[in-house]
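# What shape does this take:
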Amino acid sequence: MNKNNIYIGCLALALTSVSPVLAQVETEDSVVNVAFGKVAKEDLVYAVSSLNMNELSKKTANNYSLSNVSSYISGYNGNVWGQGALVLIDGVPRDASMVKASEIESVTVMKDAAAVALYGSRAAKGVVLITTRRGKVAPLSIDVRGTAGWSVPKVFPKYLDSDCYMTLYNEACANDGIAPKYDAATIYNANQGTNPYRYPSLNLYSSDYLRQSKFNVNGTADVYGGTEKTRYYLNLGVDYNNSLIKYGEHANGKDFTFNVRGNVDMTLAEWLTATTNAAVIVNDNNTGRGDYWGNAANMRVNLEGQFAPMLPISMMDTNNATIRDYIAASNHLIDGQYLLGGSTSYQSNALSEALVAGYTRQKYRKFLFDVAVKADLSGITKGLAFKTAFSVDYNTHYSEAYALGYAVYQPTWGNINGKDMIIGLNKINEDKSSTSEYVGQATYHQTMMFSAQFDYIRTFSDLHNVSANLVGWGYQQQYSADENHSGEGAYHRTSNVNLGLRAAYNYAHRYYVDFSGNVVHSAKLPEGKRNGFSPTVTLGWRISNEKFMENATWLDDLRITASYANIAQDIDISDYYMYKADYQFGPSYGWYQWADGSVGGSTASSRKGANDELTFIRRKEFRVGLDAAFLNRMFKLNLNYFNQTTSGLLTQGSSTIYPSFYNSGLGNFLPWKNFNEDRRSGFDFAARMDKKFGDWEVGIGFSGMVYTSKALTRDEVWENDYLYRQNHALDASWGYVCEGFFKDQSDIDNSPKQTFGGTVKPGDLKYSDINKDGVIDSKDQIDLGKMGWEAAPFTFGVNATVKWKNFTLFIAGGGRTGAYGYKSNAYYWNRGTSKFSEVALGRWTEATAATATYPRLTTGDGTNNYQNSTFWLYKTDNFTLNNVQLTYDLPKSIFNHIFIKGLSVYAGANDLVMLAKEREYMEMAIGSEPLYRSFYLGFKVNM
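Next up, the predicted model:
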């Protein structure tokens, strides 16, 4: 069989895939879901990558919809080619969390502009298309999967104990020339731990309050089958997580999700088919009140020496009548032994809130429904079909809450008969009583989508393959919220309306030409500018089908593609009416005295000018791609080079476009204008090797992306060339070059003046005077590197599958290099009264000047030291082993005479290892729940 016949067969397969029973004849990776249809993988000329989730689910139990996608698909790291993509589930804009991996047939990432053109403006930054599983012509089958696991915190912040904190705070006082705050006896007693109620050392990360791990269990059941007339699929799923916090109401915390998804495909007549999908997701999240993790990171360990969260009654002087009355009247005697501690500064804290303040129960309800009808119009002309679809989603959220006010008590300590005793209490607030829950907040989201399309696919003389699509697509998303708690929602709906045409031709699957044109509409623009046209053209050449390649028997496929696109979008137009002038009225906006000297009055003042020429932002893109397969398809390679320019980004032109009097005391008359321009370029690649020998099967994949960005045009004026953001990376960060610590006062006196506030002293950070003007200020900032906000200069993913007999080992990971970050959170940037982390042990003193790794301590806000600079800069280079799973498939022979057809058991881990120089810092969460390393066991049974 020659190569032409092979590819004609592939096209025939793709055409069959649009019939009512296509799922029965597809091979697993023969076709790829693209915009409003499917394409034979061998005829794909766009930068599109697809992942078969059915196959992946046999190797990993991860149930998030996009788990491990970045380990397989190049150019995707959560963004697509550095930009946030539109997520579609079965063609409808939806959040990726609305579907689980077990419900998904495939995930397709559409990267280039030509691939997404038919979706219109909202898809101009790429599309992630999630296609859910469907029924097939087969007897009833049931798949059941159950997984149980536990999640262990990767790392907790390390804060200093109370005595160390007080010692260092006194040092900070000495550095600032003020008297020490804590006396030696207090520090000593805290160190000895003789009375933790009088000398507390609070550690909310300790085992007193946290479990060693939290538990997760989830299960799914798939029911599917059908006939040529009707095919069905049903998925049921549950997921449960408990809380890591074991204290107070938090101990009852849980997150529970129940979901149902089903669909039916019906053949109503030989020429007419219909599809309906529905899903219901119920999620309940229960937590105690109070910001536990925020308090854990920010509340000082010694609580300022003012109180302890719990005050033991056994240490109170009950001869004091006031104390006796407080104890008798309290509604909150914890375990009958404690009153709640507090102070005027700490009227509540994480522990008291958890114990008595109540709870919050978040309720999320989601309903998703869509229906489609498809008609084969071959009776009119061969190859013609029509399809229309409609969907509606309702997502609601509300909270049921129980809140209770309570009193706290600030103790006065004394010594009675040689023992520490509380001899006085200052009551703050009052105990409240209530038995009523209330609705805390409510939000509502609605998405409605409609599409209609004519499709034409036909082959002439077995060589000329023609296809075309005429598509109308639109959707609206509405957000609303209760007025009292969450604002009034959005007045304008998020909308996307477009009419698209695609026409494609290939000759003998050798030469390809593809054209797409799309008319988009945007109500964000002025009349006369609301419609835009988005053309794309793509060319392809399968070199391996040429006669001069006939002797290259080692080469299975070699194809190059190229495309150019000019896409109109309004995603980066942030609001409606930006083209209109805007005025405000009132005495705070403008007050004018009358000419005769009398009082005068308020008047209108302009907030922005009008621009009736405001128009679409454009994504102009050139792409070249290569696909190759070698040695009987053992090796596969995909490459894409892309160069895209985003032009017409908005600015008000205050620096270079309009004169200064446009923004003066008379008001701001600056209009929004299309002016700024960005460029993103790079190349992505995916290489794969699959080999079978004996009882072994091995598959290894490596994918990556080299990425650069540049601000091509900016409305800006700076005194020095190095300050211009133009011609620098979009994720470039400007900061100061740190020369180390000031050695002494002489060093300070002989250095440029630093202007960040406060008094500069020995041990403070010293910065370079870049412009040599004798002053350190914002003019001395330079480009310190790329932060990788959109994508690091190099991102990569790896995956490996090794199968031996009935054992399957799966590994997936990924990483990034070339980007930077700042150690600028509260763990490093201590501001006066914040608690000290262990990094403060490396602080500068006269004795440690040669070895110091941290600036001198201060009771002030440390503004001079806490600037983005090379001192705090670190490389974010890392590799993370995201998923490892070992699966064993029990021999099918043991199930010959029972209803079970197959059984697998597995064990695995997620986020198992990170390799990075700054691993501990990168895995540390400050002020939020920790990051986890998860382990699990499970089974899958087919019946």
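# Strands along the stretch 801-943 of the chain, start to end?
Under the criterion DSSP state E, counting those that start in this stretch, the stretch 801-943 of the chain contains strands at 807-817, 820-822, 873-875, 878-889, 902-915, 932-942.
# Which one, of those, ends up nearest to Y707?
Of all these, it is strand 807-817 that lies closest to Y707, at 9.9 Å by C-beta to C-beta. In this view, the C-beta of every residue, glycine as well, is placed from N, C-alpha and C.
# What lies in contact with the closest one?
By C-beta atoms under 8 Å, 6 or more residues apart in numbering, the surrounding residues in contact with strand 807-817 are 58-60, 68, 70-72, 77, 788, 791-803, 876-889, 908, 915.
# returning to that earlier point: looking at the strands of the stretch 801-943 of the chain, which is nearest to Y724?
Set against Y724 and scored by C-beta to C-beta, the strands of the stretch 801-943 of the chain come closest in strand 820-822, at 20.1 Å.
# about what we covered before: pipe the strands of the stretch 801-943 of the chain into a markdown table and attach mean pLDDT, mean neighbour count and distance to R198 per row.
Listed next are the strands of the stretch 801-943 of the chain as a markdown table, based on pLDDT from 0 to 100; neighbours: other C-beta atoms under 10 Å; distance: least, C-beta to C-beta, whole Å:
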| stretch | mean pLDDT | mean neighbour count | distance to R198 |
| --- | --- | --- | --- |
| strand 807-817 | 96 | 20 | 49 |
| strand 820-822 | 97 | 19 | 39 |
| strand 873-875 | 97 | 16 | 41 |
| strand 878-889 | 96 | 19 | 45 |
| strand 902-915 | 95 | 17 | 42 |
| strand 932-942 | 96 | 18 | 36 |
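# could those strands be laid out in TSV, adding distance to G699?
As requested, the strands of the stretch 801-943 of the chain are arranged in TSV below (distance: least, C-beta to C-beta, whole Å):
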stretch	distance to G699
strand 807-817	10
strand 820-822	34
strand 873-875	32
strand 878-889	14
strand 902-915	17
strand 932-942	20
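# To D783, which of these lies closest?
Here strand 820-822 is closest among these (C-beta to C-beta), at 10.8 Å.
# and N429, which of the strands of the stretch 801-943 of the chain is closest to it?
Among these, strand 932-942 comes nearest to N429, with 36.4 Å by C-beta to C-beta.
# What's the end-to-end length of stretch 304-314?
Stretch 304-314 stretches 23 Å from its first residue to its last (C-alpha to C-alpha, to the nearest Å).
# now that stretch, how far from the centre of its chain.
How far stretch 304-314 lies from its chain's middle: 41 Å, per C-alpha atoms, centre = their mean, to the nearest Å.
# Check which residues of it are buried.
Buried residues in stretch 304-314, counting neighbours by 16 or more other C-beta atoms under 10 Å, are found at 305-311, 313.
# list the contacts for E249?
Contacts of E249 by C-beta under 8 Å, 6+ apart are 287-289, 354-355, 357-359.
# In strands, which of those fall?
287-288, 358-359 (DSSP state E).
# quick one: which of the strands of the stretch 801-943 of the chain is nearest Y197?
Closest approach to Y197 among those (C-beta to C-beta): strand 932-942, 33.1 Å.
# what lines up beside that closest one in the sheet?
strand 138-153 (antiparallel), strand 902-915 (antiparallel) (DSSP bridges).
# CSV for the ones you listed, including distance to V107?
Listed next are those as CSV, based on distance: least, C-beta to C-beta, whole Å:
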stretch, distance to V107
strand 138-153, 19
strand 902-915, 18
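# how far away is R623 from G797?
The gap separating R623 from G797 is 21 Å, by C-beta to C-beta, to the nearest Å.
# what's the answer for Y247, then?
Between Y247 and G797 the computed distance is 39 Å (C-beta to C-beta).
# And the strands paired with strand 932-942: which comes nearest S399?
Among the strands paired with strand 932-942, the nearest to S399 by C-beta to C-beta is strand 138-153 (24.7 Å).
# which one of the buried residues of stretch 304-314 is nearest I130?
Nearest to I130, judged by C-beta to C-beta, of these is P309 at 46.6 Å.
# The closest one touches I334, doesn't it?
No - P309 is beyond contact range of I334, at 9.6 Å (criterion: C-beta atoms under 8 Å).
# Quickly list what's touching both of the two.
Common neighbours of P309 and I334 (C-beta under 8 Å, 6+ apart) are L340.
# In the buried residues of stretch 304-314, find the pair that's most separated.
Put simply, by C-beta to C-beta the two of the buried residues of stretch 304-314 set farthest apart are G305 and I313, 21.1 Å from each other.
# Tell me which stretches of the stretch 501-650 of the chain form helices.
Read by DSSP state H, counting those that start in this stretch, the stretch 501-650 of the chain holds no helices at all.
# go on, the chain?
Per DSSP state H, the chain carries helices over the ranges 3-16, 53-56, 69-72, 113-116, 162-175, 184-192, 292-298, 321-329, 350-356, 483-486, 745-749, 919-922.
# Single out the most deeply packed of those.
helix 113-116 (a mean of 30; mean count of other C-beta atoms under 10 Å).
# Output that one in CSV, but only the C-alpha positions, please.
What follows is helix 113-116, C-alpha atoms only, in CSV (Å, rounded to 0.1, in the frame of the first residue of the first chain):
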residue,chain,number,x,y,z
ALA,A,113,-4.4,32.2,15.9
ALA,A,114,-5.5,30.3,12.8
ALA,A,115,-6.7,27.4,15.1
VAL,A,116,-8.9,29.7,17.2
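# Which strands or helices does it pack on?
strand 531-542, strand 555-569, strand 617-630 (3 or more C-beta pairs under 8 Å, 6 or more residues apart in numbering; DSSP states H and E).
# among those, which is nearest S97?
Closest approach to S97 among the helices and strands packed on helix 113-116 (C-beta to C-beta): strand 555-569, 24.9 Å.
# what's the angle from that closest one to strand 531-542?
For strand 555-569 against strand 531-542, the angle by axes from the mean of the first three to the mean of the last three C-alpha atoms, to 10 degrees is 170 degrees.
# Pull up the gap between S544 and N638, please.
15 Å.
# Name the residue in the two with the higher neighbour count.
Applying other C-beta atoms under 10 Å to S544 and N638 shows that N638 carries more neighbours, namely 23 against 19.
# my guess is that one meets S49, correct?
Yes - if you go by C-beta under 8 Å, N638 and S49 touch, sitting 7.2 Å apart.
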